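*Asks:* Only the shape, not the letters, is given here:
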């Protein structure tokens, strides 16, 4: 069961890529810690340990330390565990300083934390053996608070039971230049090494770096040198892969783009430029449907590259719901959902998987018709066999993609369920979690709470579409039929009433 959802606060943006560094503030007072007071407490605790006298005696230490803390988000200061993880702040400081050297990026650190007992059938994704309620254990697994290291001997004695096994927990610390989708690529990298993410603490500094701390299981020994070597080797292999877009030279990309555009090449002088109203990813072309954003052409001549699409005056549905605070009646919910479902059915009929279906990629045109946009990560389902790459946006991502398992077009159906929940509630999915927390929750079976005010047929449809088993999810042809039947059902009484009134007037 998900925690109660709430309407987004004014000015709060929870879209992927903008809110990943921290969960929502706990309280107005807690969200504004005094940086100087935190620094004073840290220095006092460091002095009490007696291990950092030389560091603290440096006359430049306080000024440099203050600059370091100021560059970090406020959430970092709130997450500091001054009792158990005090010296981590010095470790993180050193890692960020090392990352400032381009020749040393990206920076990886790993250390063994503790042994942990889990149910054997959970294959390392279970919880500590105790008698707490399942919901409480799930919330603990998603918590960003640091856990105290358990005594190793106690863990080993408990693990002697046949229904439990012992796994090793390690901490992976990563830092580099912060870039869009870097977090998704990083979690995919850890998965390829065979690591399961149990906790995630991700921060973006004010000067453009990232500091990401993961608690993982899946590595079989306490030694970490080989773990770091395995991560770096996997990263090297990924960067050298022919499928990696960075492996293609820019001229080759332009030639390929020009071949795709063909007769749709547009002379830039024919266009009138105005203020920027939106942005999106590059895309492949060739779809034509009333609920798919219409592509008009592209300019592929250096130095001005652009694509031209039809104008959608209503903007995207994410902004329409969460920034403009619109609430939809059942008739409008069904109309929007039918448009989306028909467009997705067309894509799937043409063997195209969108892979990033979300409210921000759904645009409102004239008469509030909904059209699907942003095919930057879309691909044909027949390409290169089954897909396992982590592609999409965490709040809308299907569990099979999060778990890096083979997936197909049914992953789009799961994303549609989240969109339909948005339309029905006008709330941001998992708005009390960071995107990565939401992904870890979905991976363990967490689903959004559907309010009782949502129409029963919509509730049933949402649950069918976000089923854990992709084969149990409906197709978009079936979804469209169910939505149209629901629409006819709510319109029929109105029609019958109008006919009755007409007959009375005639008499």
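*Replies:* Thanks, I have it. Predicted model, so just to flag it, every value in this text is computed and none were measured. Numbers count the residues shown, from 1 in each chain.
*Asks:* got the residue ranges for the strands in this protein?
*Replies:* Ranges of strands within the chain are 107-119, 164-177, 196-204, 209-217, 295-301, 304-309, 352-353, 362-364, 370-372, 379-380, based on DSSP state E.
*Asks:* nearest to residue 100, of those?
*Replies:* Smallest distance to residue 100 across those (CB to CB): 7.9 Å, for strand 209-217. Where you see a C-beta, it was placed from the backbone N, CA and C, and this is true even at glycine.
*Asks:* now that closest one and strand 196-204, what's the angle there?
*Replies:* Per axes from the mean of the first three to the mean of the last three CA atoms, to 10 degrees, the angle that strand 209-217 makes with strand 196-204 is 160 degrees.
*Asks:* Go ahead and confirm residue 230 touches residue 195.
*Replies:* No: Residue 230 lies out of contact with residue 195 (CB atoms under 8 Å); the separation is 9.3 Å.
*Asks:* of these two, who's got more company?
*Replies:* Just comparing residue 230 and residue 195: by other CB atoms under 10 Å the higher neighbour count belongs to residue 195, 23 against 16.
*Asks:* related to what we said a few turns ago, would you mind putting the strands of the chain into JSON lines with mean neighbour count, mean pLDDT and distance to residue 448 alongside?
*Replies:* Below are the strands of the chain laid out as JSON lines (neighbours: other CB atoms under 10 Å; pLDDT from 0 to 100; distance: least, CB to CB, whole Å):
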{"stretch": "strand 107-119", "mean neighbour count": "19", "mean pLDDT": "89", "distance to residue 448": "26"}
{"stretch": "strand 164-177", "mean neighbour count": "19", "mean pLDDT": "92", "distance to residue 448": "29"}
{"stretch": "strand 196-204", "mean neighbour count": "22", "mean pLDDT": "87", "distance to residue 448": "20"}
{"stretch": "strand 209-217", "mean neighbour count": "22", "mean pLDDT": "92", "distance to residue 448": "25"}
{"stretch": "strand 295-301", "mean neighbour count": "18", "mean pLDDT": "70", "distance to residue 448": "33"}
{"stretch": "strand 304-309", "mean neighbour count": "14", "mean pLDDT": "72", "distance to residue 448": "31"}
{"stretch": "strand 352-353", "mean neighbour count": "22", "mean pLDDT": "89", "distance to residue 448": "23"}
{"stretch": "strand 362-364", "mean neighbour count": "23", "mean pLDDT": "94", "distance to residue 448": "18"}
{"stretch": "strand 370-372", "mean neighbour count": "23", "mean pLDDT": "94", "distance to residue 448": "21"}
{"stretch": "strand 379-380", "mean neighbour count": "14", "mean pLDDT": "55", "distance to residue 448": "27"}
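*Asks:* Residue 35: which of those strands is closest?
*Replies:* The closest of the strands of the chain to residue 35 is strand 196-204. By CB to CB, the value is 14.6 Å.
*Asks:* Give me the sheet partners of the closest one and which way each runs.
*Replies:* strand 209-217 (antiparallel) (DSSP bridges).
*Asks:* ok, and what's touching the strand it pairs with?
*Replies:* 72, 76, 92, 95-96, 99-100, 113, 116, 124, 167-178, 182-183, 186, 190, 195-205 (CB atoms under 8 Å, 6 or more residues apart in numbering).
*Asks:* What residues of stretch 217-231 count as buried?
*Replies:* Using 16 or more other CB atoms under 10 Å as the test for burial, stretch 217-231 gives 217, 218, 219, 224, 227, 230, 231.
*Asks:* possible to save those as TSV with distance to residue 290?
*Replies:* Below are the buried residues of stretch 217-231 laid out as TSV (distance: CB to CB, whole Å):
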residue	distance to residue 290
217	48
218	47
219	51
224	55
227	52
230	50
231	47
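*Asks:* In contact with residue 348, which residues are there?
*Replies:* Residue 348 is in contact with 409, 412, 475, 476, counting by CB under 8 Å, 6+ apart.
*Asks:* Report the two of the residues you listed separated the most.
*Replies:* Within these, 412 and 475 form the most distant pair, 10.3 Å apart (CB to CB).
*Asks:* who's more crowded, those two?
*Replies:* When neighbours are counted by other CB under 10 Å, residue 412 and residue 475 differ, and residue 412 comes out ahead with 25 against 16.
*Asks:* Would you agree the more buried one is in contact with residue 341?
*Replies:* No: Residue 412 lies out of contact with residue 341 (CB under 8 Å); the separation is 10.5 Å.
*Asks:* overlap in contacts of these two?
*Replies:* Counting by CB under 8 Å, 6+ apart, the residues touching both residue 412 and residue 341 are residue 476.
*Asks:* isn't residue 402 right up against residue 443?
*Replies:* Yes: contact criterion CB under 8 Å: residue 402 and residue 443 qualify, at 4.9 Å.
*Asks:* neighbour-wise, which of these two wins?
*Replies:* Using other CB under 10 Å as the criterion, residue 402 and residue 443 rank with residue 402 on top: 24 against 18.
*Asks:* For the more buried one, give me its contacts.
*Replies:* 390, 394, 439, 442, 443.
*Asks:* Spell out which residues make up each domain of the chain.
*Replies:* 101-240, 250-309, 317-491 (automatic domain parsing).
*Asks:* want to throw these into TSV with distance to residue 52?
*Replies:* Shown next, in TSV, are these (distance: least, CB to CB, whole Å):
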stretch	distance to residue 52
domain 101-240	19
domain 250-309	46
domain 317-491	32
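*Asks:* Mean pLDDT lowest where, among the ones you listed?
*Replies:* Comparing mean pLDDT over the domains of the chain, the weakest stretch is domain 250-309, at a mean of 64.
*Asks:* Which residues are in contact with residue 340?
*Replies:* Contact analysis of residue 340 by CB under 8 Å, 6+ apart lists 291, 362, 370, 372, 416, 419.
*Asks:* The fifth one and residue 396: what is the separation?
*Replies:* Think residue 416. Distance, residue 416 to residue 396, by CB to CB, to the nearest Å: 9 Å.
*Asks:* Spit out the residues that contact these two alike.
*Replies:* Residues touching both residue 416 and residue 396 (CB under 8 Å, 6+ apart): residue 357.
*Asks:* Check which residues of stretch 69-89 are buried.
*Replies:* Neighbour counts using 16+ other CB under 10 Å place 69, 71-73, 75-80, 86, 88-89 of stretch 69-89 among the buried residues.
*Asks:* Export those residues as CSV, with columns for pLDDT and distance to residue 50.
*Replies:* Shown next, in CSV, are the buried residues of stretch 69-89 (pLDDT from 0 to 100; distance: CB to CB, whole Å):
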residue, pLDDT, distance to residue 50
69, 92, 23
71, 92, 28
72, 91, 26
73, 88, 31
75, 83, 30
76, 87, 26
77, 84, 24
78, 82, 27
79, 80, 25
80, 79, 20
86, 83, 13
88, 91, 18
89, 92, 17
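*Asks:* and of the residues you listed, the nearest to residue 427?
*Replies:* residue 75 (22.1 Å).
*Asks:* Make sure that closest one is actually in contact with residue 202.
*Replies:* No: look at residue 75 against residue 202 with CB under 8 Å: they stay out of range, at 9.7 Å.
*Asks:* re the thing from before, can you redo the contacts of residue 340 as CSV, where the extra columns are distance to residue 163?
*Replies:* Listed next are the contacts of residue 340 as CSV, based on distance: CB to CB, whole Å:
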residue, distance to residue 163
291, 51
362, 46
370, 50
372, 47
416, 38
419, 40
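*Asks:* quick one: contacts for the nearest residue to residue 461 once chain neighbours are set aside?
*Replies:* Setting aside the residues directly before and after it, residue 461 is nearest to residue 482 in space (CB to CB, 6 or more residues apart in numbering), at 5.8 Å. Residues in contact with residue 482, defined by CB under 8 Å, 6+ apart, are 457, 461, 474.
*Asks:* Please tell me I have it right and residue 362 contacts residue 316.
*Replies:* Yes: contact criterion CB under 8 Å: residue 362 and residue 316 qualify, at 6.2 Å.
*Asks:* which residues are in contact with both of those two?
*Replies:* Residues touching both residue 362 and residue 316 (CB under 8 Å, 6+ apart) are residue 373.
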